[in-house]
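*Asks:* Here is my input; please provide its structure:
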Amino acid sequence: MKKALTIAGSDSGGGAGIQADLKTFQELQVFGMSALTAVTAQNTLGVHGVYPMSVEAVVKQMQAIGDDMGTDAVKTGMLFNAEIIEAVADIISKYHWENLVVDPVMIAKGGASLLQMEAISAMKKYLLPLARVITPNIPEAEVLTGMSIHTAKDKEDAAKRLSELGVQNVIIKGGHDEDESLSIDLLYDGTEFYTFAKERIQTKNTHGTGCTFSAAITAELAKGAPLYEAVALAKDFIHDAIQFDLEIGKGHGPTNHWGYRVKNEGLRL
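*Replies:* Next up is the predicted model:
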């Protein structure tokens with residue numbers, strides 16, 4: 001049984017954060033574990049409160065996994081502040097966890113900040129050099145690189161800049177692309193560029209897409225899949241999660257984490 005650990009915040013609405021990660025791990029037949037970094041009071045209308053865990057609490061959770069169960073892959077999501085980021089990087093190094101997927105969660109769908117600005121430098125210094133993959137959306141990539149991204153060439157330039165921070169592979173997601181017909185994710189492995197395109201689905205129900213996409217990559221890496229195959233499956237997984245809509249809530253509703261099975265196994269909603 002392969003295992004995956006998510007180090008992230010809790011979404012009380014169940015659409016993003018550790019809830020989305022664990023649902024995705026389960027759907028892809030990987031045993032999911034978690035280290036909670038913060039509790040959010042959150043629903044489809046927005047984030048109504050953020051309550052970070054202490055650094056000690058985060059470290060103890062990670063040590064409990066490392067000392068007993070171990071993990072085949074690790075995903076980070078909302079890490080909130082510089083102190084938590086530095087501690088998380090230290091524990092990942094201590095246990096030599098290599099399949100690290102960093103989803104640099106910064107801003108929620110409703111606009112609430114989920115990462116303190118001074119934490120960005122800590123992420124660049126301590127966490128990104130440990131990452132096998134980083135999965136920013138375009139606004140996050142703009143913050144991390146200090147450049148504006150509008151074109152495909154901009155995405156390539158941004159990916160190169162992120163690679164120079166020590167990340168082995170960079171994926172810049174296309175959900176915020178200006179192309180209204182396609183969502184194109186860009187993968188840069190330090191040498192070559194690869195693209196993964198899907199028809200853009202017109203819906204407001206996209207809460208948790210970034211968490212779910214990176215969790216799917218994490219699950220596949222835990223199972224030993226090559227990176228390109230992991231990203232291709234994750235692209236299919238999140239596309240199906242958006243396509244087979246659940247229509248939950250009054251705002252940006254969650255994706256359907258069993259949408260992939262709806263398509264492939266003929267399940268009913």
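*Asks:* State the number of residues packed around residue 72.
*Replies:* Close neighbours of residue 72, defined as other C-beta atoms under 10 Å, add up to 20. (Each C-beta comes from the backbone N, C-alpha and C, glycine too.)
*Asks:* Tell me, please, where in this protein the pLDDT is lower than the cut-off.
*Replies:* Along the chain, the model assigns pLDDT under 70 to residues 107-114, 178-179, 269.
*Asks:* residue ranges of the helices in it, please?
*Replies:* Secondary structure of the chain by DSSP state H: the helices cover 17-27, 55-64, 82-94, 119-122, 138-145, 152-163, 209-222, 227-243, 259-265.
*Asks:* quick one: buried residues of the longest one?
*Replies:* Of the residues in helix 227-243, those with enough neighbours to count as buried (16 or more other C-beta atoms under 10 Å) are 227, 230-243.
*Asks:* Can you name the two of these that sit furthest apart?
*Replies:* 227 and 243 (24.4 Å; C-beta to C-beta).
*Asks:* out of the helices of the chain, deepest packed?
*Replies:* Ranked by mean neighbour count, the helices of the chain are led by helix 209-222 with a mean of 29 (mean count of other C-beta atoms under 10 Å).
*Asks:* give me every residue that touches residue 133.
*Replies:* Shown in contact with residue 133 (C-beta atoms under 8 Å, 6 or more residues apart in numbering): 100, 101, 102, 167, 168, 169, 170, 171, 214, 217, 221, 227.
*Asks:* what's across from it in the sheet?
*Replies:* residue 101, residue 169 (DSSP bridges).
*Asks:* Residue 188 and residue 167 touch, don't they?
*Replies:* No. Taking C-beta atoms under 8 Å as the definition, residue 188 is not a contact partner of residue 167, at 9.2 Å.
*Asks:* Between the two, which is the more surrounded one?
*Replies:* residue 167 (24 against 20).
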